[in-house]
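Chemist: Please work out how this folds:
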Amino acid sequence: MRLEVGIIALVEEVFGIPAERRVHFDWLRNKPRPKDFGEHYDTVMELYTELKGNWQSTTAKADGYLIPDAYFPEPYHFIFEFDELQHFTHYRERTFRFYPANIPLAYELQKYRQLCQQHHVSALAKGPDRFRRRTADFPYINGRAAQRAFFDTFRDWLPSLHGLNPTVRLAEFEVTSILNGQLTGEAAKDYMERLLHERLNISSTATKKKQKTG
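Modeler: A predicted model of the protein is given here:
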């Protein structure tokens, strides 16, 4: 069973509502589009250039949706992402340099930066060789990791631009005690509830700051 399945089930238990799986949003696509990113389009394209994307190949590939790990409907109305080791690469760390100040987040960006610095070597090494093969839009060794980092940016920036609350992220390293069975049952639920409460507080604070500066 994929790790995210058990974690999402626990989040569902905390919130008391089922998550929607395999949901898609018209604005969450596999290509950066001006109508989706609005005022942030130039910035996301600067990031794309930083990651050495190949625009000809990107525009030539088939259009598709980026499917989030889960979506929690009203009253929560946010995308949920469970970030396993392979997300914490130096490519992901590089994306944070481009994050606009007025994009609200529901996780601590600095903590994610530190996790990328600590784990980027093992993150790139995780999984079979196909994880490291070239992609059409990032055609170089470890290009798939760059693509993953680029698309994580979409999942962070776009929801709040299209009426959703900020994406809630949990890192694998934050729930090790649950994944290894050290915490189970009500203890695991209580621990998850504390993590989610922290995320929602971060989100609320960030949104208020955005409103004040917007």
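Chemist: nearest spatial neighbour of residue 137, skipping sequence neighbours?
Modeler: Spatially, and ignoring its direct neighbours in sequence, residue 137 is nearest to residue 58 (4.1 Å; Cβ to Cβ, 6 or more residues apart in numbering). Yep, even glycine has a C-beta here, placed from its N, CA and C like the rest.
Chemist: tell me the centre residue of this protein?
Modeler: residue 152 (4.2 Å; Cα atoms, centre = their mean).
Chemist: quick one, helices of the chain?
Modeler: For the chain, the helices defined by DSSP state H cover 3-15, 34-37, 41-50, 55-60, 90-95, 109-125, 143-161, 176-179, 185-213.
Chemist: Reformat these as CSV; add distance to residue 74 and mean pLDDT.
Modeler: What follows is these, written out as CSV (distance: least, Cβ to Cβ, whole Å; pLDDT from 0 to 100):
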stretch, distance to residue 74, mean pLDDT
helix 3-15, 11, 93
helix 34-37, 22, 98
helix 41-50, 28, 98
helix 55-60, 34, 96
helix 90-95, 29, 98
helix 109-125, 26, 96
helix 143-161, 14, 97
helix 176-179, 27, 95
helix 185-213, 14, 80
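Chemist: Those: which one's closest to residue 77?
Modeler: helix 143-161 (8.9 Å; Cβ to Cβ).
Chemist: and the residue nearest to residue 137, how far is that from residue 201?
Modeler: Between residue 58 and residue 201 the distance is 37 Å, computed by Cβ to Cβ, to the nearest Å.
Chemist: Of the two, give the one with the bigger neighbour count.
Modeler: residue 58 (18 against 11; other Cβ atoms under 10 Å).
Chemist: Let me see the contact set for that one.
Modeler: Residue 58 is in contact with 31, 136-137, counting by Cβ atoms under 8 Å, 6 or more residues apart in numbering.
Chemist: now swap in residue 167 and tell me
Modeler: Neighbours of residue 167 in contact, by Cβ under 8 Å, 6+ apart: 68, 78-81, 105-106, 155-156, 159.
Chemist: what two of the residues you listed are the furthest from one another?
Modeler: Between any two of the contacts of residue 167 (Cβ to Cβ), the greatest distance is 15.2 Å, for 68 and 105.
Chemist: Any chance of the backbone angles for the residue nearest to residue 176 when sequence neighbours are not counted?
Modeler: Counting by Cβ to Cβ, 6+ apart, residue 182 is the residue found nearest to residue 176 once chain neighbours are left out, at 7.8 Å. For residue 182, the backbone dihedrals (degrees, to the nearest 10) come out as phi -70, psi -40.
Chemist: I'd like to know how many residues surround residue 182.
Modeler: Neighbours around residue 182, by other Cβ under 10 Å: 11.
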